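# Give me coordinates for this.
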Amino acid sequence: MRVAQPVPAQPLVEAAEEVEVARAAAQADVVREPLARQFLRFLLADNPVRALKLNELAGCTKPKLIVQGTNDEFGPMAQLNSWYADLPEPKRLVRIEGADHFFEGRREEMAKAIVDYFSEV
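Residues are numbered from 1 along each chain as shown. Predicted coordinates for the structure are as follows:
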């Protein structure tokens, strides 16, 4: 049995802040490379739940963690709940009450959920 090593939360918070910079760049339309601009739009504006295909995870028996804000404007909870219900175990869904898609003002809670999960797995 392996012993879980503590995972620092700070890199997760910094990554979330980088997403904010990418979102600002996409909104300001300062990215000039067409492929990069297209990728940013997909990453930041598409509905992630709609993009998820259950059949890709139908046989996956590895642990899965889903962290979702209850006010996610791109991934409605009703859609996520339906998709999540059909995922095979082991799985965990952590809902961050009031958080939007980018966990604005709630990044510490998001990071804690991830760190806690990997400390237990």
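# When you work out contacts or count neighbours from here on, use the C-alpha atoms and nothing else.
Fine.
# shaky segments in the protein?
In the predicted model, the chain carries pLDDT under 70 at residues 1-55.
# can you pull out the strands in it?
For the chain, the strands defined by DSSP state E cover 64-69, 91-96.
# Give me the buried positions along the first one.
Counting neighbours by 16 or more other Cα atoms under 10 Å, one finds that the buried residues in strand 64-69 are Val67, Gln68, Gly69.
# mind putting the residues you listed in CSV, distance to Lys91 included?
Putting the buried residues of strand 64-69 into CSV (distance: Cα to Cα, whole Å) gives the following:
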residue, distance to Lys91
Val67, 11
Gln68, 13
Gly69, 17
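# Nearest approach to Phe102 belongs to which of the strands of the chain?
Counting by Cα to Cα, Phe102 lies closest to strand 64-69 out of the strands of the chain; the figure is 8.3 Å.
# hang on, the earlier thing: could I get the strands of the chain in TSV, plus columns for distance to Leu80?
As requested, the strands of the chain are arranged in TSV below (distance: least, Cα to Cα, whole Å):
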stretch	distance to Leu80
strand 64-69	9
strand 91-96	10
